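Participant: Here is my input; please provide its structure:
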Amino acid sequence: MSAGDSGRGKTLAMGIDNTGFIVDRIGRDCGPLQYIREFTQNSIEAISDTPGRRGTIIWDADWNTYDLTGNWKLCIVDTGIGMDGDEQIRFINQLSSSGHEQDHDKNFGVGAKVAGATRNHAGLIYLSWKDGGEGHMTHLWRDPTTKQYGIARVERPDGSFADYATLTNDVKPDMVKTHGTKVVLLGMTQDANTMEPPLGVEGRQRWIVKYLNTRYFRFPKGIDVKVREGYQAPRDDTRRNFLRNVSGMEKFLDDECAWRGSVDLTGATAHVWILTERAERSKQGDMFATTGHVAALYQDELYELTTGRAGVARLQQFGVIFGHQRVVIYVEPDVHDQLGSNTARTQLLVNGEPLPWTEWAAEFRTGMPSEVKELMDEITSGTVSNDHKQAIRDRLKQIRELLRHPSRYRRTPSGALAVSGDVPGGRARERDIESESNGGGGGAGGRGGRAGSVYAMFVVEDGDPGEETQPDPMPDVMWISERHTPPTRTADLLEDRAAKYLADQNLLQINADFRVFTDMIDRWSSAYGNTAAVRTTVEEVVHEWFEQGLVETVIGAQALQGSREWTMEDIGRLWSEEALTAAVLQRYHVDINVKRTLGAKLGSVRDVKPAA
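Facilitator: Got it, this is the predicted structure:
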């Protein structure tokens, strides 16, 4: 072996072939605005490297480009440590290179280059000054001929090429004194207006403000972040054309909350805010997430933030059934070696797996703060709703053999039930169905509760002590409406949908405002004279019969669990909002039952025909 060979070590380092393909592939995993986060984070880290660890970051229009070409280009300027020409080549032109320590919970060295370059094929212009010296410029682009990403080399007067150019102070931003960096985003083409948001992103003037506020919980102390607003107004019109301060969500939540607390979870802490009613009506919705939502909090950044319908679903999973528009939950996982984000910085991972939202939600429901419970009680206090559960249960007893849903049991010395059989979980001896139908509570005697119900028909009087391991499949039901005082439904919850089933809480929410229900109520109220008393009676009858259909749908779906042909994903589709809506679209039999029930309560109406 030659001396040269011995110096190379035992391993020939892996290289990358077709870097352009790799960059494009990773870039597809990035969110449409992730480049805003990546450049901001690079600036934060650059400022943290300065002696005072204090500085400013500004997202602005590149006025030099506008004055010279008339094109609007977005830029970010910071007063960080800066880079000389050689550092720009090393850090910018290598895919996984960074001026900071690289680790799974730190900077990967790919974010800004991938998220930025893949959305700016015309290029990213880096201008940087360091240690009070002269500035240097590099141009990272996607070569239109080779389709490869890299530095566009600068041609010298003698025909040779340089990797970077030296800058005069004429283009140096006023805020940059001895050190700092400016990055200009050219877009996909030279004439693209990168001050405008990408296609599909809402907002026009404040899209960067809202993104940063909802991406960051807070910025490091001593670092000011600002964003240009009203760039198209005259530059001397400081009322419309100005720099807006960006704070992150913490300041807004603390300013607009009626209560703040926390709940300890396994491996995490849930930070909770109850917003004031004025926050919901806030005019700052184009800058902050002003209504209830859930996110993961890690290193002062927000991940997996859910708003709108997805946010409502996540809050309800956490047990916030009512008042979800006023509750914010940020779950902060405990920091450990196996916690980090995916390469695209869109998702947090624990041991390479997604966060355990389901487990955290169940724990939160158990340890829910009393203040959140009081908020929900306050909202439901004015709601009057008759309980149809027992009436529906009694009717279903008549078809119990069609709804047979064997509960599971396990032996335990302290169990209140008697269990026999040797199959896993226990198998109860079947009871005499005929005697149970005629005997009120049946052979279970004085146990009461579920022991005498249609869903516990496999419990026996004698056998080993045991306990039920699967709850009564009969769901709890809540009718919700925007017409309640206060409202129990918001427009983003079940709009033009019949119902929603929360499986982990065995709770069925039914939208009293759904047109199928209201049309039926209008039909029969009119038939009986449409007085207030009549309408109240009609509404209860209509609700009861539609509720029965929805309850049967849920129970029927539950009965399919455990079948090889039905996965839990399949079962979930059966009680999706769309499936439950489909379950109430057939109205003939409901109409007949409503007519019969109202006839017993209000007398017969001869001129009302069955629904078609």
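
Participant: what's the following helix or strand after the helix or strand where Arg365 lies?
Facilitator: Secondary-structure assignment from DSSP states H and E places Arg365 in helix 357-366. Next in sequence after helix 357-366, counting helices and strands by DSSP H and E, comes helix 370-380.

Participant: Now do that following helix: which elements does it pack against?
Facilitator: strand 268-275 (3 or more C-beta pairs under 8 Å, 6 or more residues apart in numbering; DSSP states H and E). (Each C-beta comes from the backbone N, C-alpha and C, glycine too.)

Participant: hmm, back to that, residues contacting the helix holding Arg365, please?
Facilitator: By C-beta atoms under 8 Å, 6 or more residues apart in numbering, the surrounding residues in contact with helix 357-366 are 263, 265-266, 268, 270, 314, 317-319, 329, 331, 504-505.

Participant: Next: stretch 169-176.
Facilitator: Under C-beta under 8 Å, 6+ apart, the answer for stretch 169-176 is 56, 58, 64, 77, 79, 127, 129, 135, 180, 182.

Participant: in it, what's buried?
Facilitator: Across stretch 169-176, burial judged by 16 or more other C-beta atoms under 10 Å covers 172-173, 176.

Participant: Dump those to a markdown table, plus distance to Gln390, secondary structure and pLDDT.
Facilitator: Below are the buried residues of stretch 169-176 laid out as a markdown table (distance: C-beta to C-beta, whole Å; DSSP: H, G, I helix; E, B strand; the rest coil; pLDDT from 0 to 100):
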| residue | distance to Gln390 | secondary structure | pLDDT |
| --- | --- | --- | --- |
| Lys172 | 79 | coil | 95 |
| Pro173 | 73 | coil | 96 |
| Val176 | 74 | coil | 96 |
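
Participant: Domains in this structure, by residue range?
Facilitator: In terms of domains, the chain is parsed into 19-246, 249-380, 406-468, 476-602 (source: automatic domain parsing).

Participant: Run a quick neighbour tally on Gly159.
Facilitator: 6 (other C-beta atoms under 10 Å).

Participant: What distance do you get for it to Ile89?
Facilitator: 21 Å (C-beta to C-beta, to the nearest Å).

Participant: Same question for Gly549.
Facilitator: Taking C-beta to C-beta, one finds Gly549 at 69 Å from Ile89.

Participant: same question, Ser481
Facilitator: Applying C-beta to C-beta to Ser481 and Ile89 gives a distance of 64 Å.

Participant: Next: Arg54.
Facilitator: Relative to Ile89, and taking C-beta to C-beta, Arg54 is found at 28 Å.

Participant: ok, those two, which is more surrounded?
Facilitator: Ile89 (17 against 14).

Participant: show me the contacts for that one.
Facilitator: 138, 151, 163-164.

Participant: go again using 10 Å as the cut-off
Facilitator: 83, 97, 136, 138, 151, 163-164 (C-beta atoms under 10 Å, 6 or more residues apart in numbering).

Participant: same deal with Thr146?
Facilitator: Gly20.

Participant: Now do the SS call for it.
Facilitator: Here Thr146 is recorded as coil under DSSP: H, G, I helix; E, B strand; the rest coil.

Participant: what pLDDT does it get?
Facilitator: Note for Thr146: predicted pLDDT of 89.

Participant: Lowest-confidence entry in the contacts of Ile89?
Facilitator: Ser97 (46).

Participant: Strands of the stretch 101-250 of the chain, start to end?
Facilitator: 124-129, 135-142, 149-151, 154-155, 161-162, 165-167, 180-185, 223-229, 242-246 (DSSP state E, counting those that start in this stretch).

Participant: Sheet-wise, list the partners of the first one with their directions.
Facilitator: Strand partners for strand 124-129, identified by DSSP bridges, are recorded as strand 135-142 (antiparallel), strand 180-185 (antiparallel).

Participant: Quickly find the element holding Ala582.
Facilitator: helix 577-583.

Participant: immediately after that helix, which helix or strand?
Facilitator: helix 588-602.

Participant: Which positions within that next one qualify as buried?
Facilitator: Applying 16+ other C-beta under 10 Å to helix 588-602 flags 590-591, 593-595, 597-598, 602 as buried.

Participant: any residues touching it, and which ones?
Facilitator: 395, 516-517, 520-521, 523-525, 527-529, 533-534, 537-538, 540-542, 544-546, 548-549, 584, 587, 604-605, 608-612.

Participant: I would like the C-alpha coordinates for it, written out in PDB, please.
Facilitator: Provided in PDB are the C-alpha atoms of helix 588-602 (Å, rounded to 0.1, in the frame of the first residue of the first chain):
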ATOM      1  CA  TYR A 588     -89.400   7.800   4.100                       C
ATOM      2  CA  HIS A 589     -89.300   5.600   7.200                       C
ATOM      3  CA  VAL A 590     -88.300   8.500   9.500                       C
ATOM      4  CA  ASP A 591     -91.300  10.500   8.200                       C
ATOM      5  CA  ILE A 592     -93.700   7.600   8.900                       C
ATOM      6  CA  ASN A 593     -92.500   7.200  12.400                       C
ATOM      7  CA  VAL A 594     -92.600  10.900  13.000                       C
ATOM      8  CA  LYS A 595     -96.200  11.000  11.800                       C
ATOM      9  CA  ARG A 596     -97.200   8.100  14.000                       C
ATOM     10  CA  THR A 597     -95.500   9.600  17.100                       C
ATOM     11  CA  LEU A 598     -97.000  13.000  16.600                       C
ATOM     12  CA  GLY A 599    -100.400  11.500  16.000                       C
ATOM     13  CA  ALA A 600    -100.200  10.000  19.500                       C
ATOM     14  CA  LYS A 601     -99.000  13.300  21.000                       C
ATOM     15  CA  LEU A 602    -100.900  15.900  19.000                       C
END
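
Participant: Next, the contact list for Met249, please.
Facilitator: 212-218, 273, 288-289, 293, 295, 297, 302, 305, 328, 330.
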